[in-house]
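S.K.: what would the 3D arrangement of this be:
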Amino acid sequence: MTAPPAISLAGLGKSFGDHQVLAGIDLDIAPGSVFSLLGPNGAGKTTVVRILATLTGPDNGTARVAGYDVAHEPDRVRASIGVTGQYAALDKVLTGTENLHMVGRLLHLGRSETRRRTTELLERFDLVEPAGRPSGTYSGGMRRRLDLAMSLMGRPEVVFLDEPTTGLDPRSRRELWQVIRELVGDGVTVFLTTQYLEEADQLADRIAVLHGGRIVADGTPAELKQLTPGGHILFHFADRANLAAAARTTGFPETDPDELTLQVPSDGQVAHLKHLLDEFAALDISVERLSVHTPDLDDVFFALTSRPAQAVPAA
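M.R.: Numbers count the residues shown, from 1 in each chain. Just a heads-up that it's a prediction; the model follows:
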């Protein structure tokens with residue numbers, strides 16, 4: 001049997017005054033996966049997280065997290081989740097160990113369980129060495145790892161990461177990516193919002209784009225990339241004679257005589273590339289080299305968010 005969704009939204013709406021932030025969001029997110037919500041600044045990503053984390057209520061629609069209704073069972077939802085925001089929620093005066101102990105007490109874990117869990121998380125997040133120092137002395141990457149460790153003290157089923165790598169250097173970002181992959185390996189569901197499209201592409205099993213209060217696209221990274229035209233194969237030739245012959249054969253006049261290149265629209269499939277090369281070989285057209293360009297998430301994001309919101313089905 002198919003497991004029930006870890007997160008389920010139906011007709012979720014939210015307005016602030018006359019400004020409608022969410023205009024009916026429908027989503028089902030599978031357990032043990034990484035789901036990434038993308039959108040421009042002010043699109044409502046953080047509002048979605050706040051509703052799912054029971055920090056604010058929806059105006060209409062329903063939302064369930066770990067099987068519990070966020071409006072009617074908020075305590076059960078809170079017991080099932082961990083939340084890491086854009087800025088590390090640490091007490092900078094307390095040490096790393098003391099921050100974790102504080103969360104354990106807030107969760108009523110008991111002294112022995114709090115100590116055991118603290119030891120586990122300090123080791124897991126490579127924070128044993130600085131554990132006795134005030135967290136205010138930590139680097140940005142260390143603070144972010146400690147913040148995430150704090151959100152995991154209660155062994156949550158679902159973790160919300162709201163732009164967790166904002167302000168981190170590339171090395172620290174990639175270290176946090178590895179932590180997120182390990183969480184999913186343990187069966188945790190991760191709901192990720194990010195402004196880094198590479199991050200979503202690297203981590204997410206599914207991505208949705210929020211624009212104008214609506215989900216305008218929803219699918220795997222590969223499916224979303226198929227929504228945007230622009231994929232092509234760029235062939236390089238040794239001379240203009242081969243270039244001209246290739247242009248005649250393909251029927252595409254997109255040539256650059258100075259660079260001796262021919263651009264042919266393509267979805268990047270191996271079968272299409274092989275077909276073109278076989279045609280060239282049959283006519284004794286010599287190709288020096290080639291490169292394949294497929295649309296990336298940047299192309300998709302800009303295409304979807306530069307026009308009025310309208311839902312687009314995944315490929």
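S.K.: from now on I want contacts and neighbour counts done on CA atoms only, so please keep to that.
M.R.: OK.
S.K.: V287 versus the most far-flung residue of the chain relative to its centre, what's the distance?
M.R.: In the chain, the residue that sits farthest from the middle, by Cα atoms, centre = their mean, is A241; the gap is 46.5 Å. A241 is 11 Å from V287, where distance means Cα to Cα, to the nearest Å.
S.K.: what's the answer for L224, then?
M.R.: L224 sits 31 Å away from V287 when distances are taken as Cα to Cα.
S.K.: R214 now?
M.R.: 46 Å.
S.K.: repeat for D91
M.R.: Counting by Cα to Cα - D91 and V287 are separated by 62 Å.
S.K.: who's more crowded, the two?
M.R.: Set side by side, D91 and V287 show more neighbours around V287, with 18 against 14, by other Cα atoms under 10 Å.
S.K.: hmm, that one is touching D239, no?
M.R.: No - using Cα atoms under 8 Å, V287 is not in contact with D239; the gap is 9.7 Å.
S.K.: is it correct that the residue farthest from the centre of the chain falls within a strand?
M.R.: No - using DSSP: H, G, I helix; E, B strand; the rest coil, the assignment for A241 is helix, not a strand.
S.K.: and the pLDDT for it?
M.R.: What the model reports as pLDDT for A241 is 94.
S.K.: tell me, how many residues neighbour R76?
M.R.: By other Cα under 10 Å, the residues close to R76 number 15.
S.K.: find the residue closest to R206 in space, skipping its chain neighbours.
M.R.: Distances taken as Cα to Cα, 6 or more residues apart in numbering place T220 nearest to R206, at 4.4 Å, with adjacent residues excluded.
S.K.: quick check: the one you found vs G251, distance?
M.R.: Taking Cα to Cα, one finds T220 at 33 Å from G251.
S.K.: E198 too?
M.R.: E198 sits 35 Å away from G251, going by Cα to Cα.
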